[in-house]
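Enquirer: I'll drop the sequence and a predicted model, then ask my questions.
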Amino acid sequence: MHRDGSESNSGARDLKPATVRRVAGTFKPYRAQVAGVTALVLGSVVFGIAPPLLLKQIIDVGLATGNMHITEVLSLETIAVTLIASGFMIWYGYVSVSVGQKIMRDLRRSLFVHLQGMSLKFFSKTRTGEIQSRLLSDVSGVQSVVSDVVANALANVGIVVASVIAMVILDWRLTLLSLCVIPVFSYFASWAGGYSRIVRRGVQEQTAELNSIMQETLSVSGVLLMKAVGRRELVEQKFDRENEGLVPWQIKQQMIQYFFFGLVRLIFSVTPALVYWFAAYLIGRGINITIGTLVGFTALQSRMFFPLSGLLTVQVEVKGAMALFDRIFEYLDKPLDITDGPDSKPIPPEEIIGKVEFKDVVFSYDPDVPEPTIDHVSFVAEPGQLVALVGPSGAGKTTIAYLIARLYDTDSGQVLIDNIDVKNITLASLEQLIGAVTQETYLIHDSIKENLRFARPDATNEQIYEATKAAAIYDHIAGLPQGFDTTVGERGYKLSGGEKQRIALARAILKNPRILILDEATSALDTTSERSIQKSLNKLMFGRTTFAIAHRLSTILAANQILVVQDGRIVEHGRHEKLISQNGLYKKLYMQQFADEATLA
């Protein structure tokens with residue numbers, strides 16, 4: 001579909017059978033409730049069709065003959081059946097809405113869980129605002145359909161059929177006249193439904209663009225960037241462009257409703273007059289039609305056209321909602337590129353000693369790029385070793401570490417833990433085996449205590465206190481007015497970079513993983529704090545295999561082996577003494593850093 005609302009394929013307006021089947025499938029877990037709605041709808045229809053027929057009797061048998069007793073009895077009966085029909089309607093409305101909300105819950109959960117299983121590749125290529133739009137806006141957009149469509153469709157079909165039968169009983173000639181209007185009504189409703197689907201998708205896509213801009217620019221990071229670079233006007237221009245682009249879509253969406261309901265009002269206004277005109281024509285030719293018949297017929301006619309318009313409105317709504325279902329299913333159908341294989345097995349952490357081996361590993365973020373990101377990398381990290389990854393920015397150090405945790409999957413070669421291919425270890429087991437402290441520390445908008453418990457939900461307060469003491473952050477937290485209950489703010493922006501990294505270290509200590517990844521874990525610390533934290537890190541690293549990615553080479557001088565990475569390849573490896581004695585990249589990086597530090601001093 002084009003952004004201007006045109007379509008290259010007119011067939012896209014039709015409902016896709018596969019989509020319809022999948023939407024119908026969402027109701028399967030609630031078959032019993034749907035059956036209950038059906039029974040309640042039938043009760044509502046049976047009692048709801050009686051008032052117009054009783055109205056005919058009130059006029060022809062009661063008022064016309066002066067029999068007030070019959071008039072009173074029939075009037076009370078009319079009130080009674082109307083109340084009963086209303087009771088049935090409220091009841092089936094409640095059950096229907098309950099089913100709809102549960103389906104909405106299921107859709108949101110399915111989409112959320114599926115997205116949780118996507119690899120980092122997906123999230124690195126997709127804007128957060130677009131993901132949020134699918135999860136919130138699109139799912140909310142189909143709420144009226146899943147909440148109302150079954151009950152309303154059943155009720156409206158039942159009322160239309162019952163009304164037509166009752167109208168035929170009253171006068172078949174007037175019924176034929178009324179039914180002649182339906183094809184015209186249906187044609188315009190079908191057109192409105194098809195166009196609504198196009199417009200609805202356009203609204204959601206444009207809304208997703210707008211959401212992405214707002215998410216990117218109104219977050220703490222976005223505001224800091226805007227104020228730091230002083231380009232507020234560029235952000236406003238981009239917002240204005242997308243905001244302006246949403247206006248014509250929303251105008252079209254509103255005009256469809258005005259057109260459709262205007263057509264409904266026109267038909268409701270015209271058809272009674274047509275009935276009276278045709279009745280006068282028939283009476284003038286000697287056909288007996290009583291006043292009660294006319295009043296009862298027009299009441300039935302209105303009762304037929306209201307649910308008929310409801311059916312056609314459902315058609316418009318369903319066709320519009322199908323565009324949103326298509327977007328939801330599009331995400332649900334995205335394949336999970338990293339999953340548990342048929343040979344994957346859970347492995348308890350206590351059974352792992354921590355040997356890590358890369359065997360001729362090749363990996364690329366983009367298969368169309370000729371040069372791989374990781375190019376035939378092989379090495380062995382023995383249990384308990386500290387392995388440092390050093391090299392220029394963008395060399396592939398972090399990617400190598402993330403391949404261990406299967407945040408990415410190799411294109412070829414093997415990553416093994418204790419001689420077991422990581423693809424044969426369940427993802428849940430890997431999550432328990434491996435812990436990471438990254439350069440960009442992420443904290444949830446909650447208390448410090450809950451951020452720490454994120455790594456270990458069953459941790460006691462004493463265990464939390466011990467972990468923070470080991471990370472040299474306990475005294476600072478305890479000195480805060482709310483202590484460990486202090487809310488860290490959006491992405492932890494109430495804390496300094498060093499404080500966030502110490503909390504991240506405490507979180508890793510609390511998790512107690514067999515394999516530890518430290519990605520510039522002390523980058524936000526000053527020299528004094530770094531030395532203090534290094535003691536905590538030494539305790540944390542003891543007895544577990546650790547991969548430390550570091551630009552500050554002074555932090556990894558005691559590493560058991562140093563892997564020097566350049567352009568996705570390991571160009572040097574060994575201990576510091578060996579590498580510094582060679583005239584290679586490591587010595588160049590070390591001397592350059594030493595010279596820079598000397599200059600700063």
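Expert: Looks like it arrived, so ask away.
Enquirer: and Ile570, what are its phi and psi?
Expert: phi -90, psi 110 (degrees, to the nearest 10).
Enquirer: tell me which residues form a beta bridge with the spatially closest residue to it that is not a sequence neighbour?
Expert: Once flanking residues are discounted, Ile570 sits nearest to Leu563: 5.2 Å by CB to CB, 6 or more residues apart in numbering. (C-beta placed from N, C-alpha, C; glycine too.) With DSSP bridges as the criterion, Leu563 is bridged to Leu389, His573.
Enquirer: pretty sure Leu563 contacts Val387?
Expert: Yes: the criterion here is CB atoms under 8 Å, and Leu563 meets it with Val387 at 6.5 Å.
Enquirer: which residues are common contacts for the two?
Expert: Phe379 (CB atoms under 8 Å, 6 or more residues apart in numbering).
Enquirer: any chance you could read off phi and psi for Gly435?
Expert: According to degrees, to the nearest 10, Gly435 has phi -120, psi 150.
Enquirer: Could you pull up the residues touching the residue nearest the centre of the chain?
Expert: Closest to where the C-alpha atoms of the chain average out (CA atoms, centre = their mean) is Leu135, at 2.0 Å. If you count contacts by CB under 8 Å, 6+ apart, Leu135 has them with Arg108, Leu111, Phe112, Leu115.
Enquirer: Tell me which helix or strand the residue nearest to the last one when sequence neighbours are not counted sits in.
Expert: The reference is to Leu115. Leaving aside its chain neighbours, Leu115 sits nearest to Ile131 (6.5 Å; criterion: CB to CB, 6+ apart). Using DSSP states H and E, Ile131 sits in helix 128-132.
Enquirer: Just list what that helix packs against, helices and strands only.
Expert: Under the contact definition 3 or more CB pairs under 8 Å, 6 or more residues apart in numbering; DSSP states H and E, helix 128-132 sits against helix 182-217.
Enquirer: per-residue confidence averaged over the helix it packs on?
Expert: Confidence for helix 182-217, expressed as mean pLDDT, is 72.
Enquirer: For Met541, give its distance to Val387.
Expert: According to CB to CB, to the nearest Å, Met541 stands 11 Å off from Val387.
Enquirer: do Ser98 as well
Expert: Ser98 is 56 Å from Val387, by CB to CB.
Enquirer: So which of the two has more stuff around it?
Expert: Val387 (23 against 14; other CB atoms under 10 Å).
Enquirer: How much space separates that one from Thr426?
Expert: Val387 sits 24 Å away from Thr426, going by CB to CB.
Enquirer: Then Ser581?
Expert: Ser581 is 44 Å from Thr426, by CB to CB.
Enquirer: Between these two, point out the one with more neighbours.
Expert: More crowded of Ser581 and Thr426, by other CB under 10 Å: Thr426, with 15 against 10.
Enquirer: which ones are touching the more buried one?
Expert: Asp340, Ser344, Lys345, Pro346, Ile347.
Enquirer: Quick one, which of the residues you listed are buried?
Expert: Among the contacts of Thr426, those scoring as buried are Asp340, Ser344, Ile347 (criterion: 16 or more other CB atoms under 10 Å).
Enquirer: what are the phi and psi values for the spatially closest residue to the second one that is not a sequence neighbour?
Expert: Same thing as Ser344. Here the nearest residue to Ser344 in space, its sequence neighbours aside, is Thr426; by CB to CB, 6+ apart that works out to 4.8 Å. Backbone dihedrals for Thr426, given as degrees, to the nearest 10, come out at phi -60, psi 150.
Enquirer: Next one: Thr426 from Arg514, what distance?
Expert: Taking CB to CB as the measure, Thr426 falls 15 Å from Arg514.
Enquirer: Ok, Val81 next?
Expert: Taking CB to CB as the measure, Val81 falls 73 Å from Arg514.
Enquirer: wait, doesn't Asp375 sit right on Asp567?
Expert: Yes: the criterion here is CB under 8 Å, and Asp375 meets it with Asp567 at 7.1 Å.
Enquirer: Packing partners of the longest helix belonging to the chain?
Expert: Criterion DSSP state H: the longest helix present in the chain is helix 232-283. On a contact count with 3+ CB pairs under 8 Å, 6+ apart, helix 232-283 meets helix 172-179, helix 182-217, helix 291-332.
Enquirer: distance between it and the chain's centre?
Expert: The chain centre lies 30 Å from the centre of helix 232-283; the measure is CA atoms, centre = their mean, to the nearest Å.
Enquirer: And for stretch 538-549?
Expert: 37 Å.
Enquirer: Name the residues of that stretch that are buried.
Expert: Leu540, Met541, Arg544, Thr545, Thr546, Phe547, Ala548, Ile549.
Enquirer: Could you do stretch 583-591 as well?
Expert: Quick answer for stretch 583-591 (16+ other CB under 10 Å): Leu585, Tyr586, Leu589, Tyr590.
Enquirer: Quick check: mean pLDDT of the host helix or strand of the second one?
Expert: If I follow you right, that is Tyr586. Using DSSP H and E, the element containing Tyr586 is helix 585-600. Helix 585-600 carries an average pLDDT of 72.
Enquirer: Please apply the same query to stretch 457-464.
Expert: Stretch 457-464 comes out at a mean pLDDT of 89.
Enquirer: Just name whatever secondary elements the helix or strand hosting Ile517 is in contact with.
Expert: Taking DSSP H and E as the criterion, Ile517 maps to strand 515-519. Judged by 3+ CB pairs under 8 Å, 6+ apart, the packing partners of strand 515-519 are helix 397-404, strand 434-437, helix 527-541, strand 545-549.
Enquirer: lowest-confidence stretch among these?
Expert: helix 527-541 (a mean of 67).
Enquirer: quick one, phi/psi of the closest residue to Gln414 other than its chain neighbours?
Expert: Leaving out its chain neighbours, the residue that sits closest to Gln414 by CB to CB, 6+ apart is Lys359, at 4.4 Å. When quoted as degrees, to the nearest 10, the phi and psi of Lys359 stand at phi -120, psi 100.
Enquirer: Distance of Lys359 relative to Ile58?
Expert: From Lys359 to Ile58 the distance is 91 Å (CB to CB).
Enquirer: more crowded one of the two?
Expert: Comparing Lys359 with Ile58 by neighbour count (other CB under 10 Å), the higher total belongs to Ile58, at 23 against 16.
Enquirer: For stretch 329-343, measure first residue to last.
Expert: 29 Å (CA to CA, to the nearest Å).
Enquirer: Need the residues that contact it.
Expert: Against stretch 329-343 from outside (CB under 8 Å, 6+ apart): 19, 22, 110-111, 114-115, 117-119, 121-122, 134, 406-409, 423-424, 426-427.
Enquirer: ok, back up a step: tell me the mean pLDDT over the longest helix of the chain?
Expert: 77.
Enquirer: Before I go, just wanted to say thanks for your time.
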